[in-house]
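Engineer: got a sequence here, can you build the structure:
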Amino acid sequence: MLTDNMLLTLFFVSGALADCLLNPSLFITAPKQMEALSGSCLIIPCNFSAKQDQDFISVRTTFGVWIKSDSRFKNNRNNVIFNSSGTVTTYPMSITGDLSQKNCTTLFSSLITSYTDTYYFRIENIAFRATASCDPLQITVQDSPPSPRIEIPYDLKEKKSVTISCSASTPCPHSPPKLTWNLQQDPPNNIEENTDRTFTTKIQKTITLSDTHDGFTISCSATYPVNEGREVKTAEERKTLNVSYAPKNTSVSISPSGLVSAGSWVNLTCSSRAKPPASFSWFKNSKDGAIRVAEGDFYSFNVTDVTDGDYYCVATNDLGNQTSSEIHVTNEDPPKDVMVVISPTDPVSVGSVVNLTCSCRGNPPVVNFVWFMISDGRLELIKADTQVYGFKVTNSDRGRVYYCGCRNDLDIQLSTGCQLIFEGEQVGVEVILKILAVIMLVSTLVIFECWFRSRCSTEPVKDTGEAVYVNSAVELHPS
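Structural biologist: As a prediction, the model looks like this:
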């Protein structure tokens with residue numbers, strides 16, 4: 001059976017080719033292949049020409065004939081499906097072109113899938129009768145509409161304006177498809193005539209690209225009315241935008257976070273969103289400006305006093321660069337450089353007001369301050385929870401030595417002693433020796449460590465203006 005069908009097909013093809021080789025007298029200009037939708041129509045753009053112009057006389061009555069399957073219609077009269085004379089109207093066709101002007105454009109209506117076939121056009125002009133056997137037209141009728149075509153420029157970059165279009169084949173301009181997409185609401189549909197005189201329905205939009213468009217999927221739908229508008233058939237196409245953009249959201253993260261101990265390792269990571277992917281450079285701020293310290297998205301180093309500072313990274317690709325915010329790297333420090341600052345400066349007079357300020361630095365910041373003095377060989381705690389201790393000078397303040405203590409989460413440090421110098425006085429050697437003896441005595445910090453701990457765990461915070469006195473005192477006996 002298969003062999004018989006192949007032989008039959010070969011017979012018809014060979015017959016058509018043989019007829020074509022006879023050097024026909026008629027030729028048409030029309031698409032070689034056309035697709036149509038069942039339930040709709042098809043406009044066949046068509047023009048014809050005679051081999052010898054004098055053979056076709058336009059003033060004569062002219063009829064157009066359409067033949068299917070085999071141009072040798074005499075062998076099978078049923079192959080003639082339409083004659084504009086009205087003698088044959090087997091298929092719902094009408095010639096809309098002016099045959100006298102050699103225009104054979106034809107409207108093929110109410111298509112069904114069984115109309116899929118090869119078609120030939122013929123002219124009957126009184127004495128001139130000829131078939132365009134060398135110009136077959138293949139018509140394919142499908143139940144499903146063709147997918148629309150989304151056209152996107154090739155090179156998509158941020159800040160660039162591009163025009164994106166969606167088009168759909170329009171075999172029946174009398175009932176064109178309606179195009180919709182997710183780029184805008186109710187876009188205007190324009191029907192355009194192609195170079196081969198077929199039609200296309202098209203929508204388009206010009207947009208300025210940004211990084212947010214990368215990965216965005218454009219969806220376009222073509223809805224075709226069929227069966228005189230009683231039904232519709234829809235096809236859809238999707239395409240995803242691939243947009244290049246400069247680095248965005250560049251940031252630095254640190255591990256471990258927070259303060260780090262001297263000698264430990266710190267890892268800095270730079271991240272950025274970029275297309276194409278970014279390369280990274282690391283910089284450290286210095287008094288002489290930014291210094292490049294490393295390349296790559298990861299930077300690790302051992303923390304020392306030298307490495308303390310502000311770091312940032314720069315992400316770069318072909319489209320630009322972006323700088324991250326700065327991140328501060330520092331190692332932990334117990335209180336340092338603890339000293340008492342007198343204001344106003346010495347010398348002082350009885351009745352004047354003096355402010356003693358406890359100056360120190362530490363990392364993490366200092367959280368507690370304490371004031372004490374040595375008076376008549378006794379060590380007394382006089383003030384807590386305030387950095388500035390102010391008082392009115394009396395004669396009793398002569399010879400007293402003042403100290404302050406600073407504490408952070410790491411340690412406690414004490415200042416050296418500070419003695420008020422009254423007008424006309426100088427600090428004597430005996431006083432200095434007493435100060436050194438006291439420093440050696442209290443440098444153990446045991447008393448103040450115990451006080452701080454009990455202070456934090458049992459006592460509420462005092463008003464900074466309230467003095468705190470200790471009922472007990474330490475008797476000092478200089479040797």
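
Engineer: what distance do you get for Asp318 to Asp214?
Structural biologist: 15 Å (Cβ to Cβ, to the nearest Å). C-betas here are computed from N, CA, C, even on glycine.

Engineer: who has more neighbours, the two?
Structural biologist: Asp214 (17 against 11; other Cβ atoms under 10 Å).

Engineer: nearest residue to the more buried one other than its sequence neighbours?
Structural biologist: Among residues not flanking Asp214 along the chain, Val243 sits closest, at 3.9 Å (Cβ to Cβ, 6 or more residues apart in numbering).

Engineer: I figured Ser325 hits Val252, correct?
Structural biologist: Yes - contact between Ser325 and Val252 holds when scored by Cβ atoms under 8 Å: they sit 7.0 Å apart.

Engineer: anything in contact with each of the two?
Structural biologist: By Cβ atoms under 8 Å, 6 or more residues apart in numbering, Ser325 and Val252 have these common neighbours: Tyr312.

Engineer: which of the two has more neighbours?
Structural biologist: The residue with more neighbours, out of Ser325 and Val252, is Val252; 18 against 10, by other Cβ under 10 Å.

Engineer: strand partners of the helix or strand hosting that one, parallel vs antiparallel please.
Structural biologist: In this assignment (DSSP states H and E), Val252 forms part of strand 245-255. Applying DSSP bridges to the sheet, strand 245-255 is found paired with strand 265-275 (antiparallel).

Engineer: enumerate the positions of the helix or strand following the strand it pairs with that are buried.
Structural biologist: Once the chain leaves strand 265-275, the next helix or strand it forms, by DSSP H and E, is strand 279-286. By neighbour count on 16 or more other Cβ atoms under 10 Å, the buried set for strand 279-286 is 279-284.

Engineer: could you check the angle the helix or strand following strand 279-286 makes with strand 279-286?
Structural biologist: Downstream of strand 279-286, the first helix or strand assigned by DSSP H and E is strand 289-295. Calculated by axes from the mean of the first three to the mean of the last three Cα atoms, to 10 degrees, strand 289-295 forms an angle of 140 degrees with strand 279-286.

Engineer: measure stretch 257-272 end to end?
Structural biologist: 20 Å (Cα to Cα, to the nearest Å).

Engineer: for it, the distance to its chain's centre please.
Structural biologist: Computed by Cα atoms, centre = their mean, to the nearest Å, the chain-centroid distance of stretch 257-272 equals 28 Å.

Engineer: from the rest of the structure, what touches that stretch?
Structural biologist: 247-256, 278, 280, 282, 297-305, 307, 311, 313, 315, 322, 324, 327, 329-332, 363-364.

Engineer: of these, select the buried ones using a PyMOL command.
Structural biologist: The buried subset of the contacts of stretch 257-272, as determined by 16+ other Cβ under 10 Å, is captured in PyMOL by this line:
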select buried, resi 247+248+250+251+252+278+280+282+297+299+301+303+307+311+313+315+322+324+327+329+330+331+332+363
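
Engineer: any idea how far Pro334 lies from Asp411?
Structural biologist: 3 Å.

Engineer: check Gln184 too.
Structural biologist: Gln184 is 67 Å from Asp411, where distance means Cβ to Cβ.

Engineer: what's the spacing between Pro92 and Pro136?
Structural biologist: 21 Å.

Engineer: count of residues packed around the closest residue to Ile421 other than its chain neighbours?
Structural biologist: What sits nearest to Ile421 in space, not counting adjacent residues and going by Cβ to Cβ, 6+ apart, is Asp346, at 4.0 Å. Neighbour count for Asp346, taken as other Cβ under 10 Å: 14.

Engineer: was I right about Asp346 contacting Gln419?
Structural biologist: No - the criterion here is Cβ under 8 Å, and Asp346 misses it with Gln419 at 9.1 Å.

Engineer: can I assume Arg398 is in contact with Phe422?
Structural biologist: Yes - the pair Arg398 / Phe422 is scored as a contact, 6.2 Å apart, by Cβ under 8 Å.

Engineer: higher neighbour count, the two?
Structural biologist: Phe422 (18 against 14).

Engineer: what's across from the more buried one in the sheet?
Structural biologist: Phe422 has the following beta-bridge partners by DSSP bridges: Val348.

Engineer: cool, Asn331 as well?
Structural biologist: Beta bridges link Asn331 to Val260, judged by DSSP bridges.

Engineer: next one: phi and psi at the residue nearest to Asp214?
Structural biologist: Here is the backbone geometry of Val243 (degrees, to the nearest 10): phi -110, psi 130.

Engineer: measure Asp411 to Ser110 for me?
Structural biologist: Distance of Asp411 to Ser110, given as Cβ to Cβ: 97 Å.

Engineer: okay, Trp337: pLDDT?
Structural biologist: Actually, residue 337 is Asp. It isn't Trp. Among the per-residue scores, Asp337 shows a pLDDT of 84.

Engineer: so how far is Val366 from it?
Structural biologist: Counting by Cβ to Cβ - Asp337 and Val366 are separated by 11 Å.

Engineer: Asn79: how many residues sit nearby?
Structural biologist: By other Cβ under 10 Å, 19 other residues sit near Asn79.

Engineer: how about stretch 127-137 as PDB, C-alpha atoms only?
Structural biologist: The C-alpha trace of stretch 127-137 is given here as PDB (Å, rounded to 0.1, in the frame of the first residue of the first chain):
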ATOM      1  CA  ALA A 127      -9.200  32.600 -27.100                       C
ATOM      2  CA  PHE A 128      -6.400  32.900 -24.500                       C
ATOM      3  CA  ARG A 129      -6.700  30.100 -22.000                       C
ATOM      4  CA  ALA A 130      -3.700  29.100 -19.900                       C
ATOM      5  CA  THR A 131      -2.800  27.700 -16.500                       C
ATOM      6  CA  ALA A 132       0.200  28.800 -14.400                       C
ATOM      7  CA  SER A 133       1.400  25.300 -13.900                       C
ATOM      8  CA  CYS A 134       4.900  26.400 -12.900                       C
ATOM      9  CA  ASP A 135       3.600  28.500 -10.000                       C
ATOM     10  CA  PRO A 136       1.900  26.300  -7.500                       C
ATOM     11  CA  LEU A 137       0.600  27.800  -4.300                       C
END
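
Engineer: for that stretch, buried residues please.
Structural biologist: Neighbour-count burial for stretch 127-137 flags 128, 130-137 (criterion: 16+ other Cβ under 10 Å).

Engineer: need those residues in JSON lines with distance to Asp385, pLDDT and secondary structure, can you?
Structural biologist: Output for the buried residues of stretch 127-137, formatted as JSON lines (distance: Cβ to Cβ, whole Å; pLDDT from 0 to 100; DSSP: H, G, I helix; E, B strand; the rest coil):
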{"residue": "Phe128", "distance to Asp385": "119", "pLDDT": "91", "secondary structure": "strand"}
{"residue": "Ala130", "distance to Asp385": "116", "pLDDT": "93", "secondary structure": "strand"}
{"residue": "Thr131", "distance to Asp385": "113", "pLDDT": "94", "secondary structure": "strand"}
{"residue": "Ala132", "distance to Asp385": "109", "pLDDT": "95", "secondary structure": "coil"}
{"residue": "Ser133", "distance to Asp385": "111", "pLDDT": "94", "secondary structure": "coil"}
{"residue": "Cys134", "distance to Asp385": "109", "pLDDT": "95", "secondary structure": "coil"}
{"residue": "Asp135", "distance to Asp385": "105", "pLDDT": "96", "secondary structure": "coil"}
{"residue": "Pro136", "distance to Asp385": "104", "pLDDT": "97", "secondary structure": "coil"}
{"residue": "Leu137", "distance to Asp385": "101", "pLDDT": "98", "secondary structure": "strand"}
